[in-house]
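K.L.:
Sequence first, then the predicted structure, then my questions.
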Amino acid sequence: MDTVTDLASFLHVRWDEEERDAVLFQKLDCPAPHETRRVSYGCPCPARILDRIAIHRQIFRRCVQRMKREQDEGLCWPLDSILAFQTMKALALPFELHPGWRDNWYP
């Protein structure tokens, strides 16, 4: 696999883990939670975590679109792709201590 594909896969797996674990997150001073299908709504923290992940996924999708558009157009200077890849690296930076992290992903 190439670096972009590896980074994309790494990000998706980490975000999936965060989404799964967000439901379990509760602050100690939150009122007693009541369960629904996805989130425990007694505490606002799980919803905030899920919102942040959704925003990161949206930014990631836009980066992929920029890279694909530039690849399809065959431009000489891949500035959009470079900026998009740097953005993807920045999205991965919070996971730098994970064992799957690669040093060439530093922004």
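P.N.:
Received, thanks. Numbers count the residues shown, from 1 in each chain.

K.L.:
What's the local residue count around the spatially closest residue to Arg57 that is not a sequence neighbour?
P.N.:
Once flanking residues are discounted, Arg57 sits nearest to Trp15: 6.3 Å by Cβ to Cβ, 6 or more residues apart in numbering. Quick note: C-beta positions are derived from backbone N, CA and C, even for glycine. Neighbourhood size, Trp15 [other Cβ atoms under 10 Å]: 18.

K.L.:
Look up which helix or strand Trp15 falls in, please.
P.N.:
helix 3-22 (DSSP states H and E).

K.L.:
what comes up buried for the helix or strand following that helix?
P.N.:
Elements were assigned by DSSP H and E; along the chain past helix 3-22, the next helix or strand is helix 45-73. Buried residues in helix 45-73, counted by 16 or more other Cβ atoms under 10 Å: Pro46, Ile49, Leu50, Ile53, His56, Phe60, Cys63, Arg66, Met67, Glu70.

K.L.:
Thanks a lot, catch you later.
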